[in-house]
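give me a model of this one.
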Amino acid sequence: MHTRSAGHSVFAVTLIGIGLLGLIDAVSHPVSQRLSAVEVLAYLRAFIYVACGIGLLFGRIATAAARVLFVYFLILLLVFRAPGLLHGFGVDIYWSLCETAVMLAAAWVLYASLATDWDKQRFGFVVGDKGLHIARALYGAAIIPFGIAHFQYLQHTASMVPSWLPAHVAWAYFTGAAFIAAGVAILVGVWARMAAALSTLQMGLFLALVWVPAVTTRSLNAFQRGEVLTTWVLTAAAWVVADSYRGIPWLASGQALAGARQHSDSGPSMIVDKPA
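Okay, here's the model as predicted:
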């Protein structure tokens, strides 16, 4: 078994878990004699998650798994998510778009770092340092709307702050501003490693402080269960992006960031099994 970083491992295991849950959910419902397109896509998604999650854990097939995930999330983003923007920019549209973009960014980081000579010769514009830079920028752009949503739905966000914390509205403002600031920092390359790590931590804390207690203390409806899984997956994906900055100074910016890249190995470096 071989992985490039702790985030890599967590992301792989998360994909396997989500895929297995999807398969269990699919087979627990009565199946019509003729599968609908939605049912076929549900089975296909679950299979891709399980197969690619397992593949990411083994060096010989990790590149192929990352390649498949990159193509899958790219198609999902461009074909099934982006067209929704033609009908408006409501939260129900941009939220799912940004969730998919975060997943694509994680898959892209892995593909860029695991790319073989075959990939570099044919798809050099999406792998290596160039691909890694684009993947990070995609992640930065994707988390900004998460912060905007905190302001658009301030009272709802405040209602989710744990009861033992004071000043719920202030926390809603703070977390929204933190997502926006982190996204901008990553896009402009100022303290990008710090921004990626803190945005990952924020997602992880939301999972630990909001959803874990909810799961253990009360029965959740289907929407809430979906939010638990979504937060889990986004945290794992963000961790992959944060890990891609290892070797770069926490407060690097501009030319310092470029210099750190030039002194790194020939490919993007992701240290083995150390958290961001």
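
could I get the buried residue list for whichever strand or helix holds Ala135?
Ala135 is part of helix 128-152, with elements assigned from DSSP states H and E. Buried residues in helix 128-152, counting neighbours by 16 or more other Cβ atoms under 10 Å, are found at 128-129, 131-150. C-beta coordinates here come from the backbone N, C-alpha and C atoms, glycine included.

helices along the stretch 151-276 of the chain, start to end?
154-159, 168-188, 192-206, 212-217, 222-243, 255-262 (DSSP state H, counting those that start in this stretch).

closest to Phe58 out of the ones you listed?
When the helices of the stretch 151-276 of the chain are compared by Cβ to Cβ, helix 222-243 sits nearest Phe58, at 16.9 Å.

buried stuff in that closest one?
Quick answer for helix 222-243 (16+ other Cβ under 10 Å): 227-228, 230-243.

other SSEs contacting that helix?
In this structure, helix 222-243 makes packing contacts with helix 6-27, helix 91-114, helix 128-152, helix 192-206, helix 212-217, judged by 3 or more Cβ pairs under 8 Å, 6 or more residues apart in numbering; DSSP states H and E.

pLDDT of the last one, averaged?
It stands for helix 212-217. Mean pLDDT, computed over helix 212-217, is 92.

can I get it in CSV, CA atoms only?
Only the C-alpha atoms of helix 212-217 are listed here, as CSV (Å, rounded to 0.1, in the frame of the first residue of the first chain):
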residue,chain,number,x,y,z
VAL,A,212,-21.1,14.4,14.8
PRO,A,213,-23.1,15.5,17.9
ALA,A,214,-26.2,15.6,15.8
VAL,A,215,-25.7,12.1,14.5
THR,A,216,-25.1,10.8,18.1
THR,A,217,-28.0,12.6,19.8
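
let me know which of the helices and strands packed on helix 222-243 is tucked in deepest.
helix 91-114 (a mean of 23; mean count of other Cβ atoms under 10 Å).

could you point out which element follows it?
In N-to-C order, the element after helix 91-114 by DSSP H and E is helix 117-122.

hmm, who's touching that following helix?
Defining contact as Cβ atoms under 8 Å, 6 or more residues apart in numbering, one finds that helix 117-122 is touched by 63, 67, 111, 127-128.

pull the CA atoms of that helix into CSV?
The C-alpha trace of helix 117-122 is given here as CSV (Å, rounded to 0.1, in the frame of the first residue of the first chain):
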residue,chain,number,x,y,z
ASP,A,117,5.6,10.1,-18.3
TRP,A,118,2.8,8.9,-20.5
ASP,A,119,0.4,11.4,-18.9
LYS,A,120,2.9,14.2,-19.1
GLN,A,121,3.6,13.6,-22.8
ARG,A,122,-0.1,13.6,-23.7
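
which secondary structure elements does the helix holding Ala135 contact?
For helix 128-152, the packing partners by 3+ Cβ pairs under 8 Å, 6+ apart are helix 91-114, helix 168-188, helix 192-206, helix 222-243.

and of those, who's closest to Leu77?
With Cβ to Cβ, the closest approach to Leu77 among the helices and strands packed on helix 128-152 belongs to helix 91-114: 4.8 Å.

what angle do the closest one and helix 222-243 make?
Counting by axes from the mean of the first three to the mean of the last three Cα atoms, to 10 degrees, helix 91-114 lies at 30 degrees to helix 222-243.
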